[in-house]
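>>> Give the three-dimensional model of this entry:
(2 chains)
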2 protein chains.
Amino acid sequence: MIAPMRNSASRWLKAFAAALARSDIKGAAQLFEPEGCWRDLVAFTWTLKTFEGRGEIAAMLAATLASAKPGAFALRDSHDNEAWFSFETAAGRGIGHLRLRKGKCWTLLTTLQELKGFEEKAGAGREAGVAHGAIPGRKSWLERRREEVAGLGRTQQPYVVIVGGGQNGIALAARLKRLAVPALVIEQNERPGDSWRKRYKSLVLHDPVWYDHMPYLPFPDHWPVFSPKDKIGDWLEMYTRVMELDYWSSTACTGAKYDEAAGEWQVEVLRNGRPLTLRPKHLVLATGMSGYPNIPEIPGAESFAGRIVHSSKHDGGEAWRGKRCVVLGANNSAHDIAADLWEQGAAEVTMVQRSSSVVVTSDALLEHAWSRLYSEAAVAAGITTDIADLTTASVPFKLLPEFQRPIYDAIRKRDAALYEGLDKAGFLYDFGEDGSGIHSVYLRRGAGYCIDVGASQLIIDGRIKLRSRVEISRINEHSVTLSDGAEIPADLVVYATGYGSMNQWAAKLISQEVADRVGKCWGLGSGTRHDPGPWVGELRNMWKPTQQPGLWFQGGNLMQARHYSLYLALQLKARMEGLPTPVYYIDPVHHQS
Amino acid sequence: MIAPMRNSASRWLKAFAAALARSDIKGAAQLFEPEGCWRDLVAFTWTLKTFEGRGEIAAMLAATLASAKPGAFALRDSHDNEAWFSFETAAGRGIGHLRLRKGKCWTLLTTLQELKGFEEKAGAGREAGVAHGAIPGRKSWLERRREEVAGLGRTQQPYVVIVGGGQNGIALAARLKRLAVPALVIEQNERPGDSWRKRYKSLVLHDPVWYDHMPYLPFPDHWPVFSPKDKIGDWLEMYTRVMELDYWSSTACTGAKYDEAAGEWQVEVLRNGRPLTLRPKHLVLATGMSGYPNIPEIPGAESFAGRIVHSSKHDGGEAWRGKRCVVLGANNSAHDIAADLWEQGAAEVTMVQRSSSVVVTSDALLEHAWSRLYSEAAVAAGITTDIADLTTASVPFKLLPEFQRPIYDAIRKRDAALYEGLDKAGFLYDFGEDGSGIHSVYLRRGAGYCIDVGASQLIIDGRIKLRSRVEISRINEHSVTLSDGAEIPADLVVYATGYGSMNQWAAKLISQEVADRVGKCWGLGSGTRHDPGPWVGELRNMWKPTQQPGLWFQGGNLMQARHYSLYLALQLKARMEGLPTPVYYIDPVHHQS
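Coordinates of the predicted model:
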C-alpha cells in the first residue's frame, strides 16, 4: 500500500508546487476535492486559518501567493492515504501534511516551523557556552545572567510581556527564549507551578504523559502516565529555571493600556507589592482557559452559615469529614471533588447536575483515543511528539466530528455497563450533540465533559447522591433549595461551575472596550450548546492576531501549550525582526463573551 | 563491508554461545585471539574486571559459568569489525560488544543492563500515577511523598547512604530511585549543585555537552557545548528535585563504622547542625575524585601576609585586580585560574610548573577525540548516549593507548604552532609517557593534563609568566622563593596542586585501617608516573566490591557518573533483593594512597 501512496502523493505535490510556481491559482484549487480543506498555521497567511472548499482556497492563494513565495516542496514520508512534506516560503521553512482521496486533496496542512536567518540555536547550531581565548574583564555566565535579570523591565524593556505563568506562559516564554525574543512572564503566585499546586488536592492530570510534554525537554521515561498536580507543579518550576526564563512570580498585573502612537503597551504590575510599569511591544494573555471562574449568583448565598467555594479555590476533602457537601456541576472538577469528599469521609455528598455532560472513562480514552498518537505504542512506532501534534493539527475542525465519532461508538460499546448504570442513577450524559465526544466539546466550549476515574461508579452506587435536571435556586443558612423544591442540608457548597472566556481577562486588565473589540475567545462557532455560530473553523483569538494590535491569547492544555506556542512565538519573532507579516484575515467579532 | 562482518560476527557468536552452553571453557577461550581481552561489567563476575588472554578468560569462565548461566545470545548490529549483541544470565539481561580480527575475538565486552524481575518502571512499565476507583482515605502524591521524606532516616532506614551529592551521588541516587532501592544522599553544601557553584568563577566544563548528560534526562538540545559551572549547578539541583531523590543538603557525615555482626553501617551525620545516626546496609563514598585537596606543606606559609588558597576554594580573579599572583601547578585548574587572574587585571600572574603536563586544545579534542561518539555528528548518525558509553567501555584499558595514540599524533600536527610556542616559552608538555594523551592520563592518575581554552597563548605571549622545572621552596611575607633561588613577589598564592585518592575520605570518615584495607582508588597500575604497578587493568575500587564489605566508591566525570552508576546500582539492587551475587575477584591492595 505504501508505494502507490508515495507515487500519488509525489505526483500531487509536484502538480501543486508547479501550479503555485506559475501562480496558477485556479489550477492549484482544482487539485483539491470540491469541499477539500486547507489548514494554514502561519506559513501562508500569518494567522491560523482553515480554508474550506476550492473557493476559499483560491481566494487565500490570490491574496498570499505573491508574498509567501512558497517553494522547495519535498515529499518526506507517506503511508495509507497520508503524506508528509517540507516546503519553504519567503520567510521560513515549513512542514506540511496531506490526505489524498482518489488523487485529489482532501485535507492539507501547512505549518511554519522556523524563520530563515532566525533559526533556534540548537543541535549543531547551539552556542559554545564559552569563548576560547583571552578576554580582559570577561564575565562569567552567572554574572551576565544576573545583569540581564537585574536590568529586565528596568533598563531593558521586554519585547513581550506574558501575563500568566502556567504551562502556557511558560511554554511560550521557552519558545521566545530560544528565538532570542526578550520576554517576561508575570505570575501572581509565589512559585512557578503554583497554578497547579493550588488546585484541589486530589487533582491528577486526566491527559496521559505522552500528551503533556513541554517543548524541548520531555519528561523522563519513568514519568507516570497521569501526573499528580504537585509533580507537574515541580516540573514547571524546574523547567522555568533550567530554560532560564525571565519569570517574575509574586507579581500581579494591575492594568494595561495600548499606546497607539508608540505602538507599545503600558503594563502596570505590582511586584512583591511594589508598582512598576513595563513597556512591551506585545502583550500576551496566558491567564488560563480555566482562569476566570464562573461564579453563579444564587439568592441567599450571603446567609449561608457554611462555606461556599468555587472549584478553583477548593483545597481537599479532608476538612469536610463528617460534613454534608453539595457540589454544583457535573463535569470534571465536580466528579473529582465529589469523589474526593466521599473518599475523605464526608457524611453526605450530593452532586447537583444542571445539564448533560460527556462522560468517558480514562481507560476507554487510553484505549481508543490516545493510543494511535500519544502512547507507548506510538513512541515504539517512531511517532515523535512533533509528529503526533502535527497529525492532530492536520484534521480540520470541520472534519473533526467525522474523525472522532467512530471512537465514541467504540467507547459506548466498551463501557455499556457503566452507561446503563448512569442511566439508572439518573445521570444525564451524552457524547456531544453530534456524537463526536470530548475532543470536540473541549474545542467548542472548553468544558461540558468528564474523564471518569471512579466517580461515576460512586454515583451509580448511590455513594455520591445525584440530583439532576435541577439547579440550586436558593441557598439557606444550613441547606440549599433545588429548583424542584427539594431542600438538602449543607455545610459546604462547591461551585464546579467552570470558567468564562479569556477575554474577560482583557476586560479586567485592559478595558471592557478592548475585551469587546476582540470578542469571545475559544470555540469554533459550531452552533452547538455554548458554542454559538457562525462557524469560524478555528479557535477564536487563540495564538493569532486579534482585532486589538499587539494583543494575543495563549491558552489550553499542555499539548496546546506545547504545540501552538511555536506559531505564536514565530509571529512575535518575525515582528521583532521587522519581517513582513501580512495577515490574511482577522475574524470579525460575533460574540463578546 | 557490512554483510561479511554480520556473517562472521553471527558465526562467532553462535560458536561462543554453543561453547558456553556445553560448558566447553577451553573451546570458548579458543575463540579469542591468544591475547584477546574480555571486559565484564557485572554480568558474569559481579564486579568490573578485564581478562587479558585466553588463560585469564578460561579461569574466569571456570569460576562463573555455573552461576551466571549465560544464554539467549542474539546479534543486534554490526559494522566494520565490530558487533553488538544481547544476552541473558541467570540474574539479568545484558548488552555485549565484540571486535573480531580474522574470525577471532580481539575484544569482548559484556555488561549487565537490568535484573530479571526488577526492571526499572519506565516506558511501557511506568507507573499509572493514580489509582482509578474509589479509595476511602486516599492520600495524594504530595502527601505520600511528604510522609516518605519525613520518615527516611528516622522511622525508615535507607538501604544505601551516599556521602557526597555532586554528579556522582546524584546519578547513583537516580539509578537507585528507579530501581526502588531506598537511598539517601548526604551533602554538606546548602544546595544540590553547589559542588560546582563553589568552584572558581570562570570554570566551564571542558567536556562537551554530548558527554555530560545525566541518566534518564538529557539536556535539551540548545544546551551549550561547554556548560558554565553555575548552569550545571542549576541543572543538578533541578534534576535532584524532579527525579525525587532523597537528598539531605547542609548535612555533614562526621563518621561511619561498620557493624560486622549486623552487616550494617552506623553513619553519623550532622543535619543542619543536629546529630543523627543512619543505619544503611551499604555506604557509598561519592565524595569526589577531585574532592580531597592536596595541600603542599611549604616552609614559611604561615608567615605569608597575602592569601594562600587551594584551587578548590579559589573564587575568581576580580578581587586580585592590580595584585601579584602565583599559581602553583600547570594542569587544568592552574591554567584556568591563571588566565582568569590575567583577564581580571592582576598586575602579575606567574605559573610555577613543577613537572610536565599533557596540553591539548579544546578544539583539537572536539575535532579528533570527541567527534566519533560524542558530537552532533554522532547524534545525527544515530549514536545514542548509551551506545557511545558502551563503545567507550568496550576498549579494554590495556588496549587504550593503542586506540588513543593516533588521535594525539593528529593533534600534534594540527596544533604544531602552539606546541612550538610552548616549547619556546619553556613550558613542559608531553602526550603521556606513551603518547596516549589525556584520556589515558586521566584514568591513570586523574590529573596531569590541561584542556587548553586560551591560557597557553597567554603563556606563549608572556602575559602569564612561566617558571618551570621548579618548586616553591619557601613562602615569605610578601613573596615566594623558588627552588632555583628566584624570589617572586606575591599577594596571592593558589595551590593548583590537585587532589588525593578517594580512600583518604575513608580514612577521614571511617578509619585509617579501613582506608588501608581498601587501598588506593583510581589508577590502572600502568607503571607510569603517579600510577605505580602492578597492572590491574581496571580503575581500582571504583563502582565494585572492595576489601571492606558494604563500602563502595563512585566518582569521576559526568560520563562516568552516568554510565558506571548503572553497574553499581545493579549490584546494590541485587543485594537488596537477596539475589546471589558471587564476586569473582577483589583486587589485592598494592598501594594504600
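
>>> Which positions within stretch A:258-266 qualify as buried?
Neighbour-count burial for stretch A:258-266 flags A:Tyr258, A:Glu264, A:Trp265 (criterion: 16 or more other Cβ atoms under 10 Å in any protein chain shown). In short, each C-beta sits where N, CA and C put it, glycine included.

>>> Output it as PDB, restricted to C-alpha atoms.
Taking Å, rounded to 0.1, in the frame of the first residue of the first chain, the C-alpha atoms of stretch A:258-266 are listed here in PDB:
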ATOM      1  CA  TYR A 258      -2.100  50.300  24.500                       C
ATOM      2  CA  ASP A 259      -0.300  53.400  23.300                       C
ATOM      3  CA  GLU A 260      -1.300  53.500  19.600                       C
ATOM      4  CA  ALA A 261       1.200  56.200  18.700                       C
ATOM      5  CA  ALA A 262       4.200  54.500  20.300                       C
ATOM      6  CA  GLY A 263       2.800  51.000  19.200                       C
ATOM      7  CA  GLU A 264       3.500  49.700  22.700                       C
ATOM      8  CA  TRP A 265       1.800  48.700  25.900                       C
ATOM      9  CA  GLN A 266       2.000  50.300  29.200                       C
END
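
>>> which residues are in contact with that stretch?
A:161, A:256-257, A:277-283, A:510, A:514, A:548-551 (Cβ atoms under 8 Å, 6 or more residues apart in numbering or on different chains).

>>> Now, of those, which are buried?
The buried subset of these - by 16+ other Cβ under 10 Å - is A:Val161, A:Ala256, A:Leu278, A:Pro280, A:Lys281, A:His282, A:Leu283, A:Ile510, A:Val514, A:Gln548, A:Gly550, A:Leu551.

>>> Any regions of chain A where pLDDT drops low?
A:1-4 (pLDDT under 70).

>>> close to chain B, is stretch A:461-469?
Yes. Judged by Cβ under 8 Å from any Cβ of the partner chain, stretch A:461-469 and chain B are in contact via A:Arg463.

>>> Buried residues, that stretch. List them.
Buried, per 16+ other Cβ under 10 Å, within stretch A:461-469: A:Arg463, A:Ile464, A:Lys465, A:Leu466, A:Arg467, A:Ser468.

>>> Pick the one among those closest to B:Lys14.
A:Arg463 (62.3 Å; Cβ to Cβ).

>>> in what helix or strand does the closest one lie?
For A:Arg463, there is no enclosing helix or strand under DSSP states H and E.

>>> wait, isn't it in contact with B:Ala134?
Yes. With contacts counted by Cβ atoms under 8 Å, A:Arg463 reaches B:Ala134, the gap being 7.1 Å.

>>> tell me which parts of the stretch 351-500 of chain A are close to chain B?
Near chain B, when you scan the stretch 351-500 of chain A using Cβ under 8 Å from any Cβ, you find A:Ser362, A:Asp363, A:Glu376, A:Val379, A:Ala380, A:Val453, A:Gly454, A:Ala455, A:Gln457, A:Leu458, A:Arg463.

>>> What about those residues, which one has the most neighbours?
If you count neighbours using other Cβ atoms under 10 Å in any protein chain shown, the busiest of these is A:Ala455, which has 28 neighbours.

>>> so that one makes contact with A:Asp336?
Yes. Here A:Ala455 reaches A:Asp336: they are 6.9 Å apart, a contact under Cβ under 8 Å.

>>> which residues in the stretch 101-250 of chain A form strands?
A:104-115, A:160-163, A:183-186, A:247-248 (DSSP state E, counting those that start in this stretch).

>>> tell me the contacts of A:Arg529?
Contacts of A:Arg529 by Cβ under 8 Å, 6+ apart are A:Ser355, A:Glu433, A:Arg445, A:Gly448.

>>> how far away is the residue nearest to the third one when sequence neighbours are not counted from chain B?
Nearest residue to A:Arg445, sequence neighbours excluded (Cβ to Cβ, 6 or more residues apart in numbering or on different chains): A:His530, at 4.0 Å. With distances taken as Cβ to the nearest Cβ, to the nearest Å, A:His530 is found 28 Å from chain B.

>>> mind checking the backbone torsions on A:His530?
phi 70, psi 10 (degrees, to the nearest 10).

>>> tell me the helices in the stretch 251-400 of chain A, going along the chain?
A:332-343, A:362-365, A:376-380, A:385-393, A:400-414 (DSSP state H, counting those that start in this stretch).

>>> Out of the contacts of A:Arg529, which is nearest to chain B?
For those, the minimum distance to chain B (Cβ to the nearest Cβ) is 21.6 Å, reached by A:Gly448.

>>> check contacts around A:Val453.
Here A:Val453 is in contact with A:Val204, A:His206, A:His335, A:Asp336, A:Ala339, A:Thr361, A:Ser362, B:Val130, B:His132, B:Gly133 (Cβ under 8 Å, 6+ apart).

>>> Now that the last one has come up, it's in contact with A:Gln457, right?
This points to B:Gly133. Yes. The criterion here is Cβ under 8 Å, and B:Gly133 meets it with A:Gln457 at 7.3 Å.

>>> what about A:Tyr211, how many neighbours?
Neighbour tally, A:Tyr211, other Cβ under 10 Å: 20.

>>> ugh, wrong one, I meant A:Pro34
A:Pro34: 10 neighbours (other Cβ under 10 Å).

>>> And for the one 10 residues further on?
Neighbour count for A:Phe44, taken as other Cβ under 10 Å: 25.

>>> And it, how far from B:Ala43?
57 Å (Cβ to Cβ, to the nearest Å).

>>> can you check A:Asp434 too?
58 Å.

>>> swap in A:Ser312?
54 Å.

>>> Looking at the two now, which is surrounded by more residues?
A count of neighbours by other Cβ under 10 Å puts B:Ala43 above the other of A:Ser312 and B:Ala43, at 25 against 22.

>>> Tell me which residues touch that one, please.
With Cβ under 8 Å, 6+ apart, B:Ala43 has these contacts: B:Ala68, B:Pro70, B:Phe87, B:Thr89, B:Gly92, B:Gly94, B:Thr110, B:Thr111, B:Leu112.

>>> quick one: which of those residues is nearest to chain A?
Among those, and counting by Cβ to the nearest Cβ, the member closest to chain A is B:Gly92, at 18.6 Å.

>>> Pull the number of nearby residues for the closest one.
Neighbours of B:Gly92 (other Cβ under 10 Å): 22.

>>> Over to the one 5 residues further on?
Taking other Cβ under 10 Å as the criterion, the count of residues near B:His97 is 22.

>>> a helix runs through it, doesn't it?
No. Applying DSSP: H, G, I helix; E, B strand; the rest coil, one finds B:His97 to be strand, outside a helix.

>>> Could you work out the most separated pair of the buried residues of stretch A:461-469?
Farthest apart among the buried residues of stretch A:461-469 - using Cβ to Cβ - are A:Arg463 and A:Ser468, which lie 16.0 Å from each other.

>>> Check which helix or strand A:Tyr419 maps to.
Here A:Tyr419 is assigned to helix A:416-425, by DSSP H and E.

>>> same for that helix, what does it pack against?
strand A:357-361, helix A:455-460 (3 or more Cβ pairs under 8 Å, 6 or more residues apart in numbering or on different chains; DSSP states H and E).
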